[in-house]
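J.: Provide a 3D model corresponding to the input given below.
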Amino acid sequence: MRRAEAPPADDYVRFCGGVRSLCRVDLEQYRRGQMERRLRAFAGRAGHSDLDGYLDQLRRDVRARAAFLEHMTINVSELFRNPERFDELERVHLPRLVAEAGGRGLRVWSAGCSYGAEAYSLAVLLREAAPSARHEIVGTDIDEAVLARAREGRFGAADMRAVTPARRARWFADEPGGGARAAAALRGMARFSRLDLLADPFPRRQDLIVCRNVVIYFTDDAKARLYERLFDALRPGGVLFVGATERIAEPEAAEWEKDGMFFYRRPAGR
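T.: Next up is the predicted model:
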């Protein structure tokens, strides 16, 4: 009896495989329903009725590929987004981390940094918390276009809404249209590089990792693996700062210590 042939993969699966080879981005680690709707909308706006045709265009057209990567990533941010959470970081967590560092600068990672608003917010807090220490901030994202923008340290008026007048005067230079540019002292603290949270090696022995409003798009399995790897990327006693809609499922089972509503700590003995 002849074995029935397996049905061909659908165009979404083929598209994900093609993008993985072409762009080093694994779309299958994202929730299919949300991601597929976005991709089909992108394809339609580019004039394609299916994802096979759109993938062919991405293979042939460098500009289309760059536009796809820019639209595929979620680049919504502002300085001190959710100010009350940054206030908690400043009042509760940074003093302990600075004290434990014993004079050395803190190692801080902004994971999924977009165009750098979060990284520069952290730079302000670190300069104010321990001005003489040599802090290191690493910002990473999968989108090279937003990383180039992050290195410039320029922000529009909407990005600056939560920055206090005193901090704006001290740490930013006004630009036309109500925007501002981060001072050289802040820009010198941060370096930005491409990193895929689902595939690439992580920085090690971080004092603080800020990973906010990124994992909500991942599958549950991808989230669990990511939080395991973030745990390993922290030094013992280091802190993970997550977004307002994000939680680690059963943190105690994964050895995390709850350290506030949106903060988790790697235990000092681990």
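
J.: report how many residues lie close to the closest residue in space to residue 152 that isn't next to it in sequence.
T.: Leaving out its chain neighbours, the residue that sits closest to residue 152 by C-beta to C-beta, 6 or more residues apart in numbering is residue 181, at 7.5 Å. All C-beta spots, glycine's among them, are computed from the backbone N, C-alpha and C. Residue 181 sits with 16 neighbouring residues when counted by other C-beta atoms under 10 Å.

J.: sheet-wise, list the partners of the helix or strand containing residue 181 with their directions.
T.: Taking DSSP states H and E as the criterion, residue 181 maps to strand 180-182. For strand 180-182, the paired strands and their directions (DSSP bridges) are strand 154-155 (antiparallel), strand 172-174 (antiparallel).

J.: can you give me the helices in the stretch 101-250 of the chain?
T.: For the stretch 101-250 of the chain, applying DSSP state H, counting those that start in this stretch gives helices covering 117-129, 144-152, 165-171, 184-187, 220-233.

J.: hmm, back to that, deepest of the strands paired with strand 180-182, which one?
T.: Of the strands paired with strand 180-182, the one with the most neighbours on average (mean count of other C-beta atoms under 10 Å) is strand 154-155, at a mean of 20.

J.: quick one: distance of it to the chain centre.
T.: With C-alpha atoms, centre = their mean, to the nearest Å as the basis, strand 154-155 stands 18 Å off its chain's centre.

J.: low-confidence regions, the stretch 101-250 of the chain specifically.
T.: The stretch 101-250 of the chain contains no residues with pLDDT under 70.

J.: now do the SS call for residue 68.
T.: helix (DSSP: H, G, I helix; E, B strand; the rest coil).

J.: out of the helices of the stretch 101-250 of the chain, nearest to residue 45?
T.: helix 144-152 (18.1 Å; C-beta to C-beta).

J.: let me see the mean pLDDT of stretch 262-270.
T.: Mean pLDDT, computed over stretch 262-270, is 91.
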